[in-house]
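S.K.: Give the three-dimensional model of this entry:
(one chain, ligands or ions: 1)
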Amino acid sequence: MAALINGKEIAQRVRESVRAETEDFKARTGVTPGLAVILVGDDPASKIYVGNKKKACIEAGFNSFEHILPASTTQEELIRLVERLNADPSVHGILCQLPLPKHLSSRDVIAAISPKKDVDAFHPQNVGKIMIGDYDFLPCTPAGVMELIHSAGISVEGKRCTVVGRSDIVGKPMAMLLLHENGTVTVCHSRTKNLAEECRSADILVAAVGKAKLITGDMIKEGAVVIDVGMNRDENGKLCGDVDFATAEPKASYITPVPGGVGPMTVAMLMKNTLTAAKLFAGEEK
Ligand code: GUN
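M.R.: Numbers count the residues shown, from 1 in each chain. You can find the predicted model right below:
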């Protein structure tokens, strides 16, 4: 029987602490943190995510600036908007919701965002800083996973950590953060020869591939910590993770549910990054 790591509750605690800190920060500096979110097109999931981010901003006491653009937006128009937001002193964080429509280059758009306002930590300069362990921002989802691990009182030091998935947004930075805390890290992907065996060696298993119920109980070591970053629909259209919860839960010592695990942490960490960006803008320490 595993203990559930309640992401909803932990995210709420992070958001409350950001709200309280923001109140002090505003009183001290007269600066209101501002987050600009860009959404191109009308992907239904992205619309929900962007709506959640706006709600969280308002709750934290931030200014929220939404830029909803049609799917027909050109690369030049999008870059022009980013440049305008880079120059706007009331905007401290800029986030362009991914994925973008196919004709747009997310790489070029991310590179156009000022690294100081890059609250996703996707800009190459920020990615490089994370690599050497000298950063202002951490990408929200991996940072949220670390917060969950810490909240449960789990130490990474010396543990075998397996990350399944090598995306720029989650898998790669996740591996780096576990490495910074002295985990022994393996990254698995679609060409990995024996995924089950790699997973079974893990004391801490992080699944971030986007494949419904890929990780089953027989792939989990007795007593492992299982973190599920996936957000998928199963054969009945029900929300589920990359881990098959029913068979994994009896093997794990700790496990995150889907929904209510990693998901809510992403927005909470985004609020934290936006407050950090505003503090740095105001000349304060982060
Ligand atoms: N799409 C899915 N996750 C994310 C995220 O963390 N940031 C952005 N910008 N887009 C996303």
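S.K.: so the residue in the stretch 51-200 of the chain that the ligand sits nearest to, which of the three states?
M.R.: Proximity to the ligand, evaluated over the stretch 51-200 of the chain using C-beta to the nearest ligand atom, is greatest for Leu98 at 3.7 Å. Heads up, the C-betas are built off the backbone N, CA and C, glycines and all. Secondary structure assignment for Leu98 (DSSP: H, G, I helix; E, B strand; the rest coil): coil.
S.K.: The spatially closest residue to it that is not a sequence neighbour: neighbouring residues, count only.
M.R.: Using C-beta to C-beta, 6 or more residues apart in numbering and skipping the chain neighbours, the partner closest in space to Leu98 is Ser106 (5.6 Å). As a burial measure, Ser106 scores 16 neighbours (other C-beta atoms under 10 Å).
S.K.: now Ile220
M.R.: Applying other C-beta under 10 Å, I find that Ile220 has 26 neighbouring residues.
S.K.: Relative to Glu249, how far out is it?
M.R.: Separation of Ile220 from Glu249 (C-beta to C-beta, to the nearest Å): 9 Å.
S.K.: Would you agree the residue nearest to Leu98 is in contact with Ala112?
M.R.: No. Counting by C-beta atoms under 8 Å, Ser106 does not reach Ala112; the two are 10.7 Å apart.
S.K.: picking that back up, so how far is Asp168 from the residue nearest to Leu98?
M.R.: 10 Å.
S.K.: do the same with Met271
M.R.: Met271 sits 22 Å away from Asp168, going by C-beta to C-beta.
S.K.: Counting neighbours, go ahead and name the busier of those two.
M.R.: Here Met271 and Asp168 are compared on neighbour count by other C-beta under 10 Å; more neighbours surround Met271, at 29 against 14.
S.K.: Just the CA coordinates for the helix or strand hosting the more buried one, please, in CSV.
M.R.: Here Met271, judged by DSSP states H and E, is contained in helix 263-281. Backbone C-alpha positions of helix 263-281 (Å, rounded to 0.1, in the frame of the first residue of the first chain) are rendered in CSV as follows:
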residue,chain,number,x,y,z
GLY,A,263,-0.5,18.6,-12.6
PRO,A,264,-1.5,21.3,-10.0
MET,A,265,2.2,21.8,-9.2
THR,A,266,3.0,23.2,-12.6
VAL,A,267,0.8,26.2,-12.1
ALA,A,268,2.0,26.7,-8.5
MET,A,269,5.7,26.7,-9.7
LEU,A,270,4.8,29.2,-12.5
MET,A,271,3.5,31.6,-9.8
LYS,A,272,6.7,31.1,-7.9
ASN,A,273,8.8,31.9,-11.0
THR,A,274,6.8,35.0,-11.8
LEU,A,275,7.3,36.4,-8.3
THR,A,276,11.0,35.6,-8.7
ALA,A,277,11.1,37.5,-12.0
ALA,A,278,9.4,40.5,-10.4
LYS,A,279,11.8,40.4,-7.5
LEU,A,280,14.8,40.4,-9.8
PHE,A,281,13.3,43.2,-11.8
